[in-house]
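1. Got a sequence here, can you build the structure:
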Amino acid sequence: MELNGAPAELGQIKALALTNYGHFTSMLVENGRVRGLSQHMQRLARDSHQLFGVDLDTDQVRTYVRQALAAAERRTVVRITVYDPALDLGTIGADASPSVLITTRPAGTGQAGPLRLQAAAYRREAPAVKHIGLFGALQRRRAAQREGYDDVLFLNPDGTISEIATSNIGFIRNDQIVWPRSEWLTGVTMTLLNQVTDEQVVSEALTISDLRNMDAAFATNAATGIRPVRSVDAIEWPTEHEMINKLRELYVDIPGEKI
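-> Alright, predicted model coming up:
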């Protein structure tokens, strides 16, 4: 764990627990390369403008990541968190000078298994920003897991589908990829898939009742790639669908960008 390229001290990271204002991105690094690295850096720069009103030096961020990876394994999940340790609850409106916290963990081995999702009414605050305020999302994930599910699928107040707690969700219908039409966080993995697939990609306002017309479902996340969704509540799909397998192959073949 390094802050601005140096080992982080407790006093520097306590703001993450006490104030919890900032944003982040997580990415899978394989042999020093990341699929969609440019998109991750663009996200960090955009969200820094949104939350702090400042420019973020993404070249410096990449330098911090390279340094943190010096002793890491070949497949590593890197999280880049941008926050200002000097801001607290009483001074949150002050001019900001954000810091960059780099944390790493070994990437999981093998392919992530299918997900069983429980639908729940919830909309993240500022859904277009990948912010660190995850209490609501994690509370609903915890509730779903306590009921025997793997994760939670969020429903807007009008009943339309938006996203999984920390992933996007897509569906297969005939020869189409169908993304929910909603205000949600645009994921790097879903963006890359849209760029490389030759299938028709559409966006529609979807409710739970619409899911019975879908042939399959999948989740996208930078750390795990493409993961089949087995079910949402009582609606089930096959997890070995031809198009999901094709999307996985397309995603794996996307060349990584060097850190």
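2. ok, the closest residue to A15 other than its chain neighbours - contacts?
-> Among residues not flanking A15 along the chain, P85 sits closest, at 4.8 Å (C-beta to C-beta, 6 or more residues apart in numbering). C-beta coordinates here come from the backbone N, C-alpha and C atoms, glycine included. By C-beta atoms under 8 Å, 6 or more residues apart in numbering, P85 lies in contact with 3, 11-15, 99.
3. so can I have TSV of the residues you listed showing distance to N221?
-> Formatted as TSV, those follow (distance: C-beta to C-beta, whole Å):
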residue	distance to N221
L3	25
G11	32
Q12	28
I13	25
K14	29
A15	26
S99	26
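4. Out of those residues, which end up buried?
-> Buried subset of the contacts of P85 (neighbour count, 16 or more other C-beta atoms under 10 Å): 3, 12-13, 15, 99.
5. quick revisit: identify, from the contacts of P85, the entry nearest to N194.
-> Nearest to N194, judged by C-beta to C-beta, of the contacts of P85 is S99 at 32.9 Å.
6. Cross-check the contact I'm expecting between the closest one and L87.
-> No: counting by C-beta atoms under 8 Å, S99 does not reach L87; the two are 10.5 Å apart.
7. show me where this protein has helices.
-> Using DSSP state H, the helices of the chain run over residues 10-18, 37-52, 58-68, 135-146, 188-196, 242-252.
8. residues making contact with the fifth one?
-> Which is helix 188-196. Contacting residues not belonging to helix 188-196 are listed as 25, 27, 35-36, 39-40, 43, 168, 170, 177, 179, 201, 220-222, 225-226, 247, 250-251, 253-254 [C-beta under 8 Å, 6+ apart].
9. So which of those belong to strands?
-> Among the contacts of helix 188-196, DSSP state E puts 25, 27, 168, 170, 177, 179, 201, 220-221, 225-226 in strands.
10. Buried only: go through those residues for me.
-> 25, 27, 168, 170, 177, 179, 220-221, 225-226.
11. tell me the contacts of K130?
-> By C-beta under 8 Å, 6+ apart, K130 lies in contact with 23-25, 43, 47, 185.
12. Swap in 6 Å and give it another go.
-> Applying C-beta atoms under 6 Å, 6 or more residues apart in numbering to K130 gives the contacts 23, 25, 185.
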